[in-house]
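J.: Below are the sequence and a predicted model for it; my questions follow.
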Amino acid sequence: RGGQLALDNSYVYASTKGPVGSSAPGLGIDIQCTDNVSLDNYSDIATNVLHGVSDDSGGVRITTGHLQVSSSSIQCNAFSGSSTIPASYGNTGDIEINTKSLLLKNRGGIYNGTGGSGESGDITINTGELEVVDGGYVFSSAFGGTGNGGDIVVHADHILLSNENTPYNATGVLTQTYWPGTGKAGNVSISAKSLNMYPATEISSATFYLGQAGNVQVAIDGDAYIEGSKELISNGNRVNTGIFDNTFWYADGGNLDFSAETLEMTTAAGIQVVTLSYGDAGIASLDVGDLYIKDGSYISSNGFYGTGGNAGGVIIEADNIVIAGPESSNDPFGADSTGISTSSGIPGGIGGNIAITTDTLSLTNRSIITSISRGPGDGGDININAESMEVLNGAQINAGAAGTGSGGVIDIESGSVLVSGVHPDMY
């Protein structure tokens with residue numbers, strides 16, 4: 001306890017070493033500073049459950065005026081094993097942060113993970129301002145054993161995620177489960193007054209193996225803004241920006257829920273629940289006042305890249321929806337596709353449904369609402385309930401089939417419908 005704590009190339013560790021069966025859990029680390037806590041230059045505050053130990057670590061608790069973590073970490077670990085070294089059996093303990101402002105930057109962050117049979121603890125952040133920049137992270141994982149990953153819970157006034165200097169390093173709030181771990185990934189729950197996300201940042205949960213992905217819930221009282229990039233390329237693909245809940249292997253993905261007064265998505269920003277393998281994708285649900293999807297941005301639930309997993313669905317309730325594709329594009333229905341989509345995979349799987357309820361709906365500049373069957377599985381249906389809607393300048397609402405499966409049904413109920421115009425560029 002004190003006024004401030006500064007760590008520079010230093011560490012504070014509390015490890016639970018046993019002996020095995022001692023039933024002596026760790027007390028963890030408790031830091032209370034009225035002013036500031038800073039970690040710089042590869043510093044750590046960490047608790048560990050060592051190999052073969054079944055006792056819990058006790059976790060980490062920090063209460064301070066302002067907290068900065070730069071090129072450093074706050075973490076709780078339970079270690080994985082090998083053929084000669086046993087894994088940890090104890091739980092990692094929770095991480096709790098209470099501060100007026102939290103800055104995570106330069107690949108610095110907060111991590112809680114289990115590689116053994118014990119559970120990973122939760123990460124809870126209560127703050128006024130949360131900034132996660134340039135490789136900064138809040139990360140929970142299940143990576144080596146049967147233990148489940150912990151949840152991430154963030155309560156903040158304002159959240160900023162940006163990544164100008166390290167666009168190929170993950171920056172954001174993430175939970176994952178991956179080989180050889182079989183535990184579930186934790187859930188992500190975020191509540192704030194405002195959210196701003198810029199290129200190469202994400203809020204996500206994912207499964208890369210047998211454990212299910214967690215659910216992602218983001219509730220914004222005011223405005224949310226997500227801006228992606230068409231210029232950042234990694235391994236031939238654009239670097240994603242947005243909110244995701246995906247399955248990359250056998251287990252199912254989680255559901256994604258988002259709410260805000262206004263949501264603006266621009267320049268290839270995404271909200272996505274996708275299966276890229278055998279597991280089923282979850283459902284993406286949005287409840288917003290005004291929704292703007294622009295310039296290559298998308299809300300999707302697809303099985304296109306999967307090997308038999310079913311796509312989830314997309315459910316949107318909004319006062320007003322505007323979907324506007326780019327004014328000019330060489331690939332308006334491919335790389336620059338703008339809109340709302342579901343699809344079934346080429347090898348199999350069923351496509352998801354799209355359900356939209358809104359007062360006004362406007363599609364323009366070759367934007368889309370589409371559900372496609374690309375293989376033997378049937379495509380999903382499209383249901384739109386709007387007081388008024390317009391489809392302009394080459395925009396499309398399409399339920400089709402590009403494989404042997406059947407396309408879905410389009411059902412529109414609207415007080416008025418205007419379909420008019422073609423885009424000057426056909427493709």
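T.: Everything's here; your move. Numbers count the residues shown, from 1 in each chain.

J.: Which stretches in the stretch 1-150 of the chain count as strands?
T.: 2-8, 11-16, 29-40, 44-49, 60-70, 73-78, 95-105, 109-114, 123-133, 137-142 (DSSP state E, counting those that start in this stretch).

J.: What average pLDDT does the first one get?
T.: Spelled out, it's strand 2-8. For strand 2-8, the mean per-residue pLDDT is 91.

J.: which of the residues in it are buried?
T.: Neighbour counts using 16 or more other CB atoms under 10 Å place Leu5, Leu7 of strand 2-8 among the buried residues. Just so you know, the C-beta spots here come from the backbone N, C-alpha and C atoms, and that holds for glycine as well.

J.: repeat for the last one
T.: Neighbour-count burial for strand 137-142, counted by 16+ other CB under 10 Å, picks out Tyr137, Val138, Phe139, Ser140, Ser141, Ala142.

J.: What lies in contact with the helix or strand containing Leu161?
T.: Assigned by DSSP states H and E, Leu161 belongs to strand 152-162. Residues from elsewhere that reach strand 152-162 (CB atoms under 8 Å, 6 or more residues apart in numbering): 122-134, 138, 140, 171-173, 175, 186-199, 201-203.

J.: Which members of these are classed as buried?
T.: Counted by 16+ other CB under 10 Å, these give 122-127, 129-134, 138, 140, 171-173, 175, 186-192, 194-199, 201-203 as buried.

J.: Listing request: residues of the chain with sub-threshold pLDDT.
T.: 17-25, 304-308, 423, 426-427 (pLDDT under 70).

J.: Run a quick neighbour tally on Ser82.
T.: 10 (other CB atoms under 10 Å).

J.: what's it in contact with, if anything?
T.: Contacts of Ser82 by CB under 8 Å, 6+ apart: none found.

J.: what about stretch 339-356, start to end distance?
T.: 12 Å (CA to CA, to the nearest Å).

J.: and it, which residues are buried?
T.: 339-356.

J.: So which of these sit within strands?
T.: Gly339, Ile340, Ser341, Thr342, Ser343, Ser344, Ile354, Ala355, Ile356 (DSSP state E).

J.: now those in a markdown table, with distance to Asp30?
T.: Below are these laid out as a markdown table (distance: CB to CB, whole Å):
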| residue | distance to Asp30 |
| --- | --- |
| Gly339 | 50 |
| Ile340 | 47 |
| Ser341 | 49 |
| Thr342 | 48 |
| Ser343 | 50 |
| Ser344 | 52 |
| Ile354 | 49 |
| Ala355 | 48 |
| Ile356 | 49 |
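
J.: Tell me which two in those residues are the farthest apart.
T.: Ser344 and Ile356 (19.6 Å; CB to CB).

J.: Can I get the strands of the stretch 1-150 of the chain in JSON lines including distance to Gly303?
T.: As requested, those are arranged in JSON lines below (distance: least, CB to CB, whole Å):
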{"stretch": "strand 2-8", "distance to Gly303": "47"}
{"stretch": "strand 11-16", "distance to Gly303": "43"}
{"stretch": "strand 29-40", "distance to Gly303": "42"}
{"stretch": "strand 44-49", "distance to Gly303": "38"}
{"stretch": "strand 60-70", "distance to Gly303": "38"}
{"stretch": "strand 73-78", "distance to Gly303": "34"}
{"stretch": "strand 95-105", "distance to Gly303": "34"}
{"stretch": "strand 109-114", "distance to Gly303": "29"}
{"stretch": "strand 123-133", "distance to Gly303": "31"}
{"stretch": "strand 137-142", "distance to Gly303": "24"}
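
J.: so Ser70 touches Gly108, yeah?
T.: Yes. In this structure, Ser70 is within contact of Gly108 by CB atoms under 8 Å, at 4.7 Å.

J.: list residues touching both of these two?
T.: By CB under 8 Å, 6+ apart, the residues touching both Ser70 and Gly108 are Leu39.

J.: Could you check which of those two is surrounded by more residues?
T.: Gly108 (25 against 20).

J.: which ones are touching the more buried one?
T.: Leu39, Val69, Ser70, Ser71, Ser72, Ser73, Gly135, Gly136.

J.: contacting residues for the last one?
T.: By CB under 8 Å, 6+ apart, Gly136 lies in contact with Val69, Leu103, Leu104, Lys105, Asn106, Arg107, Gly108, Gly109, Thr171.

J.: From those residues, pick the one nearest Gly90.
T.: Gly109 (22.9 Å).

J.: Could you report the neighbour count for that closest one?
T.: Neighbours of Gly109 (other CB under 10 Å): 25.

J.: repeat for the one 3 residues further on
T.: Around Asn112 there are 31 other residues, counting by other CB under 10 Å.

J.: for it, what are its contacts?
T.: 75-76, 92, 94-95, 120-123, 139-141, 149-150.

J.: Is the nearest residue in space to Gly172 that is not next to it in sequence bridged to anything, and to what?
T.: Leaving aside its sequence neighbours, Gly172 sits nearest to Glu202 (CB to CB, 6 or more residues apart in numbering; 4.2 Å). When assigned by DSSP bridges, Glu202 has beta-bridge partners Gly172, Gly242.

J.: correct me, but Glu202 touches Gly242?
T.: Yes. Using CB under 8 Å, Glu202 is in contact with Gly242, at 6.3 Å.

J.: if I look at the nearest residue to Pro199 once chain neighbours are set aside, how far off is Thr114?
T.: With sequence-adjacent residues excluded and distances taken as CB to CB, 6+ apart, Pro199 is closest to Ser229, at 3.7 Å. Noted for Ser229: a distance of 34 Å to Thr114, by CB to CB, to the nearest Å.

J.: Please say which of these two ends up with more neighbours.
T.: Thr114 (34 against 19).

J.: how deep is the residue lying closest to Gly52 once chain neighbours are set aside tucked in, by neighbour count?
T.: Sequence neighbours aside, Pro86 is the residue nearest to Gly52 in space, at 4.1 Å (criterion: CB to CB, 6+ apart). Other residues within reach of Pro86, judged by other CB under 10 Å, total 16.
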